[in-house]
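Student: no sequence for this one, just the structure:
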Ligand SMILES: [Zn+2]
């Protein structure tokens with residue numbers, strides 16, 4: 001359903017926050033090609049017209065192949081500094097004020113010989129630049145990866161790196177990425193317990209490519225505080241009720257779910273049902289250039305496909321702040337700023353609902 005120019009303007013200009021986006025999956029296509037050239041990396045999957053190819057072969061495995069191809073171009077700390085800076089600029093252009101970014105240290109260290117400390121220092125140099133120059137706040141979520149090809153100690157090694165960091169390092173949580181299939185949460189109980197004991201937040205991708213039981217196990221066995229995707233919760237009414245009562249946030253990525261075919265079409269996506277059931281749903285872009293999307297586009301999906309008006313979009317944007325790993329005073333300040341700015345925008349654009 002087409003939306004009014006006023007609502008479109010509201011979506012573009014409203015303050016936004018995002019809590020599920022992958023650093024390696026956010027690299028601008030132009031930059032991937034630059035870096036590939038710089039390092040002499042052969043790119044089989046990722047070419048200038050990779051997007052059209054991607055949209056022809058949409059499924060989860062093809063997505064992983066594209067993602068891995070991007071990763072092969074990230075060779076040294078300067079590359080990470082550049083992609084964080086550019087991500088910050090892309091955030092500023094969409095009025096994204098706060099973002100929690102997943103990154104994948106174990107794979108970058110193991111496969112390309114990067115040094116964790118040097119990589120993180122480079123990312124933090126860019127993070128400070130982005131904050132000072134553009135007013136965009138970034139935090140990191142270090143993802144352990146569960147994949148056939150990944151060394152099975154990927155998660156354990158990630159935990160070893162992050163438990164001794166300081167708040168200035170910006171790593172707020174451990175995440176669990178890669179393939180859900182064949183790698184159930186029970187394999188990672190110890191690593192998640194050690195992370196929680198160190199006072200670091202924990203999240204997990206679950207209920208994207210597998211069913212509700214993975215979500216339940218991520219909550220019960222790993223202590224996950226938020227669920228990446230989690231849309232298959234819709235198949236289990238008791239779980240939906242539990243998520244709603246406990247206000248456990250879901251990091252929903254609508255376009256990603258259609259691209260990887262975990263849901264057949266936006267019209268059949270469970271986001272509106274989960275929202276109506278009282279679940280704390282957030283909207284996220286996951287790997288924006290790989291899915292041909294942006295966070296702004298994701299908010300547009302809510303308006304165009306599910307009939308959300310400005311007030312509901314404002315509420316959903318606020319949910320990301322409510323779900324963020326921020327100290328309470330900062331959260332309250334950000335929520336207040338979002339609310340004031342959205343109220344002004346609605347007034348200016350004459351949007352009552
Ligand atoms: Zn993800």
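Tutor: Received, thanks. As the structure is a prediction and not an experimental result, all values here were calculated from the model. Numbering: from 1, shown residues only.
Student: pull the helix or strand with minimum mean pLDDT from this protein.
Tutor: When the helices and strands of the chain are scored by mean pLDDT, DSSP states H and E, helix 50-56 comes last with a mean of 56.
Student: Output the contacting helices and strands for the longest strand along the chain.
Tutor: Counting residues, the longest strand found in the chain (DSSP state E) is strand 137-146. Based on contacts counted as 3 or more Cβ pairs under 8 Å, 6 or more residues apart in numbering; DSSP states H and E, the elements that strand 137-146 packs against are helix 77-93, strand 96-103, helix 105-112, helix 116-134, helix 154-162, strand 171-178. Bear in mind the C-beta positions are built from the backbone N, C-alpha and C, glycine included.
Student: Helices of the stretch 151-300 of the chain, start to end?
Tutor: Counting by DSSP state H, counting those that start in this stretch, the segments of the stretch 151-300 of the chain that form helices are 154-162, 189-197, 212-220, 237-246, 254-259, 271-276, 295-306.
Student: Single out the most deeply packed of these.
Tutor: helix 254-259 (a mean of 24; mean count of other Cβ atoms under 10 Å).
Student: just checking, what packs against that helix?
Tutor: Using 3+ Cβ pairs under 8 Å, 6+ apart as the contact test, the elements touching helix 254-259 are helix 295-306.
Student: The same query, at a cut-off of 10 Å, please.
Tutor: Secondary-structure packing of helix 254-259 (3 or more Cβ pairs under 10 Å, 6 or more residues apart in numbering; DSSP states H and E): helix 60-71, helix 295-306.
Student: For residue 135, which of those is the nearest?
Tutor: When those are ranked by proximity to residue 135, the top entry is helix 295-306, at 16.2 Å, counting by Cβ to Cβ.
Student: name the helices or strands packed onto the closest one?
Tutor: Applying 3+ Cβ pairs under 10 Å, 6+ apart, one finds that helix 295-306 makes contact with helix 5-13, strand 16-22, helix 77-93, strand 96-103, helix 254-259, helix 271-276, strand 281-283, helix 310-323.
Student: and residue 96, what does it touch?
Tutor: Under the criterion of Cβ atoms under 10 Å, 6 or more residues apart in numbering, the neighbours of residue 96 are 15-18, 21, 87-88, 90, 134, 136-138, 285, 294-296, 317, 320.
Student: just for the stretch 251-353 of the chain, where's the confidence low?
Tutor: For the stretch 251-353 of the chain, applying pLDDT under 70 flags no range at all.
Student: Am I right that residue 146 is in contact with residue 206?
Tutor: No. Under the criterion of Cβ atoms under 10 Å, residue 146 lies out of contact with residue 206, with a separation of 11.3 Å.
Student: Show me whatever sits in contact with both of the two.
Tutor: Here residue 146 and residue 206 have 176, 180, 184, 185 as joint contacts, going by Cβ under 10 Å, 6+ apart.
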